[in-house]
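[1] sequence unknown, structure follows:
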Ligand SMILES: [Zn+2]
Ligand SMILES: [Zn+2]
């Protein structure tokens, strides 16, 4: 019942690396919710990305050993009542080679041979939420990633975190003067929001005042204040040139946009880190089952007691002989 609707954990799409478990009821509920949401994002039909993926499959023994390590890890992470849902069996695993949009290739599993790799996704190690269906994590170094800002499309939940008062000694390499201006002299708290972004990824680092609700909308500065900020930044950037913070590019564009919107707090868009390492699957090729699924050889017959059988055969032959004689005599 569960398996049809449920995207199983990372062991299906990944071999090697660490896993993040879902330990509480609410975490599992979130997991379900995000999965059912992303399931609807798939734009291509099942099997439509079958192709020849360059490279070769890894040795079966090596992959099986990694799979078993992952299963052992899952058993440690999950309570036994979740095992029937979360712990896969080696004989159900079907192997694939996949190619990602960045050009990298990887091996993944599906649950059986009639499901395709792009019907699943990886979990974001940063947030514990899954990527949209059809996206896997690429851990290759593709050079410095550009910042990606995405609109917040859903406010999922928030958690209040308490902080102690800042120490008097300057931190973060700040000057005593700057520290005096930014230092929090009292214990304080903030709400950390989990939000869904327009790209389908989840961010857990949007911070608001405690008690703020999405219906309240963002707090804005006045037109005059925004004009002043615009002038200040312009001066700052022209003085600092390319070194003025933030540097020319998506970050500075973001600042310009926020000034244009009267510096809303919280901001309606958020940097998406996942966008730099979540990669869409662009093709896949079958490898085969993880473990051989040839029907088991029938069990060997138990050793027969040859003498007894010979005796029974002799008796049967004697009986046949006797019956034949009877017939002969009757003619
Ligand atoms: Zn890559
Ligand atoms: Zn994203």
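    That came in fine, so what should we check first? All values derive from a computational prediction rather than experimental measurement. Ligands and ions are numbered 1, 2, ... in the order given.

[2] could I get the full set of helices for the protein?
    Here the chain has its helices, by DSSP state H, at 2-5, 25-39, 60-77, 83-86, 176-182, 223-240, 250-260, 306-330.

[3] between those helices, which one is closest to residue 164.
    When those are compared by Cβ to Cβ, helix 176-182 sits nearest residue 164, at 15.5 Å. In short, each C-beta sits where N, CA and C put it, glycine included.

[4] and the average pLDDT for that closest one is what?
    Throughout helix 176-182, pLDDT has a mean value of 86.

[5] check stretch 60-78 too.
    pLDDT averaged over stretch 60-78 gives 93.

[6] go through that stretch and flag the buried ones.
    63-64, 66-67, 70-71, 74, 77-78 (16 or more other Cβ atoms under 10 Å).

[7] could I get the helices of the chain as a markdown table with distance to residue 52?
    What follows is those, written out as a markdown table (distance: least, Cβ to Cβ, whole Å):
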| stretch | distance to residue 52 |
| --- | --- |
| helix 2-5 | 30 |
| helix 25-39 | 28 |
| helix 60-77 | 20 |
| helix 83-86 | 33 |
| helix 176-182 | 57 |
| helix 223-240 | 50 |
| helix 250-260 | 36 |
| helix 306-330 | 58 |
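
[8] who in the chain is up against ligand 2?
    The interface of the chain toward ligand 2, taken as Cβ under 5 Å from the ion, is made up of 199, 201, 272, 274-275.

[9] ok, residue 135 - contacts?
    121-122, 200, 278-281 (Cβ atoms under 8 Å, 6 or more residues apart in numbering).

[10] confidence-wise, which helix or strand of this structure is lowest on average?
    Sorted by mean pLDDT, DSSP states H and E, the helices and strands of the chain end with helix 2-5, the least confident at a mean of 34.

[11] ok, back up a step: how about CSV for the contacts of residue 135, with distance to ligand 1 and neighbour count added?
    Below are the contacts of residue 135 laid out as CSV (distance: Cβ to the ion, whole Å; neighbours: other Cβ atoms under 10 Å):
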residue, distance to ligand 1, neighbour count
121, 15, 30
122, 13, 23
200, 19, 24
278, 11, 24
279, 6, 24
280, 11, 16
281, 12, 25
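
[12] of those residues, which pair is most distant in space?
    Taking Cβ to Cβ, no two of those sit farther apart than 200 and 281, at 14.1 Å.

[13] direction included, what does the longest strand along the chain pair up with?
    Longest strand of the chain, by residue count under DSSP state E: strand 149-163. The strands beside strand 149-163 in its sheet (DSSP bridges) come out as strand 188-197 (antiparallel), strand 269-271 (antiparallel).

[14] mind checking which of those strands is nearest residue 134?
    strand 188-197 (16.6 Å).

[15] what comes into contact with that closest one?
    With contacts defined as Cβ under 8 Å, 6+ apart, strand 188-197 is touched by 30, 34, 37, 127, 129, 150-163, 165, 202-212, 266, 270, 272.

[16] again with stretch 98-112
    Residues from elsewhere that reach stretch 98-112, judged by Cβ under 8 Å, 6+ apart: 3, 8, 11-15, 51, 53-55, 57-58, 63, 67, 88, 92-97, 116-117, 119-120, 136, 138, 140, 142, 279-285, 287, 290.

[17] could you tell me the end-to-end distance of it?
    Using Cα to Cα, to the nearest Å, the end-to-end distance of stretch 98-112 comes to 16 Å.

[18] how far out from the middle of the chain is that stretch?
    13 Å (Cα atoms, centre = their mean, to the nearest Å).

[19] what comes up buried for that stretch?
    Here stretch 98-112 shows 98-100, 106-111 as buried, counting by 16+ other Cβ under 10 Å.

[20] and this structure, what are its domains?
    Segmentation of the chain into domains, based on automatic domain parsing, reads 2-143+277-289, 146-218+268-275, 220-263.

[21] return the most buried member of those domains.
    Comparing the domains of the chain by mean neighbour count (mean count of other Cβ atoms under 10 Å), domain 2-143+277-289 ranks first with a mean of 17.

[22] nearest to residue 231 among the buried residues of stretch 60-78?
    Among the buried residues of stretch 60-78, residue 77 lies closest to residue 231 (Cβ to Cβ), at 53.5 Å.
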